[in-house]
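Novice: sequence? don't have it. structure:
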């Protein structure tokens with residue numbers, strides 16, 4: 001076995017530049033597969049995390065007129081929804097676009113009016129300070145939680161609890177006290193939105209209502225109990241709100257299953273991941289064609305050598321295995337180099353962009369298997385051609 005490998009390496013070493021270019025093509029192919037699969041997997045994980053942080057696992061209840069116009073929904077409906085079987089917690093929500101001024105830093109932002117259930121329903125986590133509590137909501141205090149990104153822009157540190165921030169509400173800059181710094185759980189969405197909405201700010205919904213002269217909400221977010229049937233809960237909430245409607249207006253209530261949106265987004269991400277992986281595999285197939293081309297050239301160049309070996313008793317299987325092993329050695333070396341290059345690129349990217357990326361050992365093993373399969377498939381034909389040569393014809397070749 002060792003002699004066969006040494007013989008392969010000796011044969012490949014005779015044409016070093018050609019061997020190097022062939023190995024390099026395989027290296028690029030394997031590295032592409034690893035990088036693309038890692039990036040797509042990170043994308044799926046990041047999107048799933050973002051959906052979790054936004055509460056896309058429950059329901060969003062909204063109100064509209066018969067003509068389709070979106071209407072505000074009253075706070076009394078939140079109490080009705082909380083009494084529906086299967087409902088764990090509810091949170092009225094108001095959303096406004098605004099401008100935030102913190103020291104010398106200025107930024108566009110979205111202001112979310114929430115209540116004390118924000119940490120439970122929207123999965124917010126305070127890295128410093130505290131969450132908005134029930135007292136803040138009842139008193140309508142001008143307090144807020146901001147993203148660590150905005151804090152660092154102004155003070156070059158995350159913990160700025162107790163500082164003041166100006167938020168434009170109703171066209172007028174209003175001063176809010178920072179009581180909590182939220183972990184950057186929505187950084188991906190902020191990055192996707194660019195400079196339009198680079199940060200989120202969370203305030204008590206009561207203070208946002210007071211400052212914007214509103215008494216209603218944009219929607220009511222609902223978290224269901226474990227094991228609750230989502231579709232049944234949607235119908236029950238809509239029925240309850242319709243029966244209890246006392247305004248006399250002709251309105252429609254919609255309980256939207258956000259899990260369905262989540263499923264659509266996850267299927268989309270899976271499709272994108274599959275397409276990107278197929279693109280990476282195409283580069284491996286191209287590398288395999290290169291292997292076959294190089295092995296065909298090698299067979300033609302070594303025709304007399306093959307004739308001599310056959311004339312002294314070499315069997316077809318021996319000749320075939322010799323060339324097939326050369327193809328596999330080329331592929332294996334290129335595969336190892338590709339894995340090294342791919343992982344190095346992934347780790348370098350994770351350091352530069354400050355994201356946590358873990359190596360996918362399943363994909364590494366898959367890349368090795370696919371690479372060896374490509375080398376075997378594209379190395380068979382040249383090996384068969386060499387094995388089928390007749391000694392007389394091979395010796396006559398120039």
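Specialist: Now that the structure is in, tell me what you want to look at. Keep in mind it's a predicted model, so treat the numbers as computed, not measured.

Novice: Show me the shaky parts of this protein.
Specialist: Low-confidence regions of the chain, defined here as pLDDT under 70, cover residues 1-11, 46-57, 123, 184-198, 245-249, 258-265, 392-398.

Novice: can you give me the helices in the chain?
Specialist: Remark: helices of the chain, listed N- to C-terminal, are 2-13, 16-53, 76-82, 118-121, 134-139, 148-155, 187-193, 205-212, 230-243, 258-301, 303-311, 316-353, 361-387, 391-396; assignment by DSSP state H.

Novice: so who does the residue most central in space within the chain touch?
Specialist: Here the mean C-alpha position of the chain is nearest to the C-alpha of residue 43 (CA atoms, centre = their mean), at a distance of 1.1 Å. Contact analysis of residue 43 by CB atoms under 8 Å, 6 or more residues apart in numbering lists 269, 272-273. For every residue, glycine as well, the C-beta is placed using N, CA and C.

Novice: what about the residue nearest to residue 291 when sequence neighbours are not counted, how many neighbours?
Specialist: Counting by CB to CB, 6 or more residues apart in numbering, residue 378 is the residue found nearest to residue 291 once chain neighbours are left out, at 4.8 Å. By other CB atoms under 10 Å, 22 other residues sit near residue 378.

Novice: how close does residue 378 sit to residue 202?
Specialist: With the distance defined as CB to CB, to the nearest Å, residue 378 ends up 57 Å from residue 202.

Novice: can you check residue 140 too?
Specialist: To residue 202, residue 140 is 15 Å away according to CB to CB.

Novice: Between these two, which is the more surrounded one?
Specialist: For residue 140 and residue 202, the more surrounded residue by other CB under 10 Å is residue 202, and the numbers stand at 23 against 16.

Novice: okay but that one is in contact with residue 178, surely?
Specialist: No: here residue 202 does not reach residue 178: they are 10.8 Å apart, not a contact under CB atoms under 8 Å.

Novice: Residue 68: how many residues sit nearby?
Specialist: Residues within reach of residue 68, counting by other CB under 10 Å, total 7.

Novice: Need the phi and psi values for it.
Specialist: Phi and psi for residue 68, reported as degrees, to the nearest 10, are phi 100, psi -10.

Novice: how much space between it and residue 236?
Specialist: Distance, residue 68 to residue 236, using CB to CB: 24 Å.

Novice: Same list (the contacts of residue 43) but as TSV, adding distance to residue 350 and neighbour count.
Specialist: Formatted as TSV, the entries for those read as follows, by distance: CB to CB, whole Å; neighbours: other CB atoms under 10 Å:
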residue	distance to residue 350	neighbour count
269	19	18
272	20	13
273	18	17
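
Novice: Need the overlap of contacts for residue 202 and residue 178.
Specialist: With contacts taken as CB under 8 Å, 6+ apart, residue 202 and residue 178 have 144-146 as neighbours in common.

Novice: Mind checking which of these land in strands?
Specialist: Residues from the shared contacts of residue 202 and residue 178 lying in strands, with DSSP state E as the criterion: 144-146.

Novice: Between those, identify the one with the most neighbours.
Specialist: By neighbour count, taken as other CB under 10 Å, the most surrounded of those turns out to be residue 146 (30 neighbours).

Novice: excluding its backbone neighbours, what's nearest that one?
Specialist: By the measure of CB to CB, 6+ apart, the closest residue to residue 146 outside its immediate chain neighbours is residue 201, 5.3 Å from it.

Novice: for the one you found, what are its contacts?
Specialist: 98, 100, 109-112, 144-147, 150, 165, 167.

Novice: One more pass at 6 Å, please.
Specialist: Each residue near residue 201 by CB atoms under 6 Å, 6 or more residues apart in numbering is listed here: 109, 111, 144, 146.

Novice: And this protein, split by domain according to the record?
Specialist: The domain map for the chain lists 2-50+265-396, 67-249, with the assignment taken from automatic domain parsing.

Novice: Make a markdown table from those domains and add distance to residue 256 to it.
Specialist: Below are the domains of the chain laid out as a markdown table (distance: least, CB to CB, whole Å):
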| stretch | distance to residue 256 |
| --- | --- |
| domain 2-50+265-396 | 14 |
| domain 67-249 | 8 |
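
Novice: To residue 255, which of those lies closest?
Specialist: When these are compared for distance to residue 255 using CB to CB, the nearest one is domain 67-249, at 4.0 Å.

Novice: Could I get the phi/psi values of residue 163?
Specialist: In terms of degrees, to the nearest 10, the main-chain angles of residue 163 are phi -80, psi 170.

Novice: whoops, residue 104 was the one
Specialist: For residue 104, the backbone dihedrals are phi -100, psi -10 (criterion: degrees, to the nearest 10).

Novice: gap between residue 323 and residue 317?
Specialist: Note on residue 323: its distance to residue 317, by CB to CB, is 11 Å.

Novice: The two: which is more packed in?
Specialist: Neighbours were counted for residue 323 and for residue 317 using other CB under 10 Å; residue 323 has more, 26 against 10.
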